[in-house]
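# here is my input, please return the structure:
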Amino acid sequence: MMAPSWPILLLTLLLSQSLSTLGQEDEEDCINYETNDQYRYRFQLPKFRNDVTRLEFSIKAANDVHIALSSLKEEVRDMYEIVIGGWGNTRSVIRRCKQCTNLVSERRPNGFLNSESFRKFWIDFADSTISVGAENEPAFMVYTDDNPLQVLYVGFTTGWGSNGNFQFCGFGLSQINTCEGETGTISCEPQHSLKIYYGFYGRSNTRVCPNGPTENTDCSARSAENEITGRCEGQQQCTIPASNSVFGDPCRGTHKYMRIYYNCELNPTTILTTTIQTTTGSWSFIILIV
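This is a model prediction of the structure:
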């Protein structure tokens, strides 16, 4: 007698539903940051997912937009440095370390950037090639590395008399912003748990939680990501107050907020197969342990 197929069908339906739920978690808003003219990389973006090899962003600045592609969430000796609109907004370059030899250079007398309006750019870092281009245009700089560096994080800065307003998109993560004094909650569907990609407490722009002093946009608590990850990673639901009592006060007198970027990931599933013998034959069952 043939074993019934409904247990296998049940497994297929459960997995399909879980994958569909994961797809719903991929909606996100763009991340906005404001920078001053101090040439100092801010690593305040989520770690790239394994399937992401492209960075898209918009920038409003007069000159000297710098992007770092690094293996760590900080400046390292060997990292890709991309300069857009340097030398008075006339030249862009690719380097293999901070302020070192220009490996690729592109000149545009009419400039790359605009201090009055956003310009959109993209950077591809698939395999061993770094490509840089503007929206709806082919790459204007391409560099192929015979010994490619690992790219997991992105840093950004302006400098040399230029402030910047950055907008980063395309990380494929869910996010929550919680104003200081309020409580934030993130949660997943059953059989899923939280994976934290980025945690922040402070202020990086004037748009989020504007009801208070917002002038200081270069303010972040160093412990925020570790604190949020420790509380939430692996949980189905997590509640955290956006409070100085949790994270410390990184900038007194500034109205702050908490930002979390996360995904809901399917919990590991144990599949057991058992066979029951009866007088009329044998029946096979699949048992799911989640």
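# what helices or strands is the longest strand that the chain contains leaning on?
Of all segments of type strand in the chain, defined using DSSP state E, the longest is strand 192-203. When contacts are defined as 3 or more CB pairs under 8 Å, 6 or more residues apart in numbering; DSSP states H and E, strand 192-203 packs onto helix 6-24, strand 219-220, helix 224-232, strand 257-266. (Each C-beta comes from the backbone N, C-alpha and C, glycine too.)
# quick check: mean pLDDT across that strand?
Here strand 192-203 scores 94 as its mean pLDDT.
# send the alpha carbons of that strand over as CSV?
The C-alpha trace of strand 192-203 is given here as CSV (Å, rounded to 0.1, in the frame of the first residue of the first chain):
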residue,chain,number,x,y,z
HIS,A,192,10.7,33.3,12.5
SER,A,193,13.3,35.1,14.6
LEU,A,194,14.9,38.6,14.4
LYS,A,195,18.3,39.1,12.8
ILE,A,196,19.7,42.5,13.6
TYR,A,197,21.8,44.2,10.8
TYR,A,198,22.1,47.7,12.3
GLY,A,199,21.3,49.5,15.6
PHE,A,200,21.7,53.2,16.2
TYR,A,201,20.8,55.7,19.0
GLY,A,202,21.6,59.4,18.5
ARG,A,203,20.9,61.8,15.5
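# show me this protein divided up by domain.
Domain segmentation of the chain under automatic domain parsing yields 6-19+270-289, 22-28+174-266, 31-169.
# hey, where'd the helices end up in the stretch 51-200 of the chain?
86-89 (DSSP state H, counting those that start in this stretch).
# low-confidence ranges in this protein?
Counting by pLDDT under 70, the ranges of the chain that qualify are 1-29, 269-290.
# show me what contacts the residue most central in space within it?
By CA atoms, centre = their mean, the chain has its centre lying nearest to Pro46, at 2.9 Å. Listed by CB atoms under 8 Å, 6 or more residues apart in numbering, the contact set of Pro46 reads Phe171, Leu173, Tyr197, Tyr198, Tyr261.
# excluding its backbone neighbours, what's nearest the first one?
For Phe171, the nearest residue in space outside its immediate sequence neighbours is Pro46; the separation is 5.3 Å by CB to CB, 6 or more residues apart in numbering.
# three-state assignment of the one you found?
coil (DSSP: H, G, I helix; E, B strand; the rest coil).
# partners of the closest residue to His192 other than its chain neighbours in the sheet?
Residue nearest to His192 in three dimensions, not counting chain neighbours: Cys264, with 4.3 Å by CB to CB, 6+ apart. Beta bridges link Cys264 to Leu194, judged by DSSP bridges.
# my guess is Cys264 contacts Glu189, does it?
Yes. The pair Cys264 and Glu189 passes the contact test of CB atoms under 8 Å, sitting 6.6 Å apart.
# between these two, who's got more neighbours?
Cys264 (21 against 15; other CB atoms under 10 Å).
# for the residue lying closest to Ser204 once chain neighbours are set aside, give me its contacts.
Counting by CB to CB, 6+ apart, Ser204 lies nearest to Tyr33, which is 4.7 Å off, once chain neighbours are set aside. Tyr33 is in contact with Arg42, Gln44, Phe156, Gly164, Asn165, Phe166, Gln167, Phe168, Ser204, Asn205, Thr217, counting by CB under 8 Å, 6+ apart.
# would you mind measuring from Tyr33 to Val52?
Separation of Tyr33 from Val52 (CB to CB, to the nearest Å): 19 Å.
# return the alpha-carbon coordinates of stretch 56-70 using CSV.
This file holds the C-alpha atoms of stretch 56-70, laid out as CSV (Å, rounded to 0.1, in the frame of the first residue of the first chain):
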residue,chain,number,x,y,z
GLU,A,56,22.7,53.1,-4.6
PHE,A,57,22.5,56.6,-3.1
SER,A,58,21.6,60.2,-3.7
ILE,A,59,23.8,63.1,-2.6
LYS,A,60,23.4,66.9,-2.4
ALA,A,61,26.8,68.5,-2.0
ALA,A,62,29.1,71.1,-3.6
ASN,A,63,32.2,68.8,-3.9
ASP,A,64,34.2,66.0,-2.3
VAL,A,65,31.9,63.1,-1.7
HIS,A,66,33.9,60.2,-0.4
ILE,A,67,32.7,56.5,-0.1
ALA,A,68,34.7,53.8,1.6
LEU,A,69,34.0,50.1,0.9
SER,A,70,35.5,48.2,3.8
